[in-house]
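Enquirer: Just the structure for this:
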Amino acid sequence: MRVGTPLGEYPFEFRRVERRRHSIAFVGIVAGLESSVIVDPEDVSDLVRRVVLPIGAAALFLAYRRSR
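Expert: Next up is the predicted model:
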């Protein structure tokens, strides 16, 4: 994975996953510095709302059209 910063793009070198109080952190190295991507419960619900639900709705629509 590459991470875009104001100083350019750098690879994100994955190291580990950490469980934090109410989130999960993906820890790695970016441009020689330890960095983390933190996923909160709100992020998961937002992902479901923006990605999973539209894909599910499209799949149901296609299944309905094929059955006709």
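Enquirer: contacts, neighbours, all on C-alpha from now
Expert: Fine.
Enquirer: okay but D40 is in contact with S23, surely?
Expert: Yes - if you go by Cα atoms under 8 Å, D40 and S23 touch, sitting 4.6 Å apart.
Enquirer: For this protein, give me the ranges with low pLDDT.
Expert: In the predicted model, the chain carries no residue with pLDDT under 70.
Enquirer: now the helices for it?
Expert: Remark: helices assigned in the chain by DSSP state H are 41-47, 53-67.
Enquirer: As CSV, those with distance to T5 and mean neighbour count would be great.
Expert: Shown next, in CSV, are the helices of the chain (distance: least, Cα to Cα, whole Å; neighbours: other Cα atoms under 10 Å):
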stretch, distance to T5, mean neighbour count
helix 41-47, 21, 11
helix 53-67, 30, 11
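Enquirer: can you redo these as TSV with distance to Y10?
Expert: Below are the helices of the chain laid out as TSV (distance: least, Cα to Cα, whole Å):
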stretch	distance to Y10
helix 41-47	23
helix 53-67	31
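Enquirer: Go through those and name the closest to G8.
Expert: helix 41-47 (25.4 Å; Cα to Cα).
Enquirer: which outside residues touch the closest one?
Expert: Outside of helix 41-47, the residues within contact range by Cα atoms under 8 Å, 6 or more residues apart in numbering are H22, S23.
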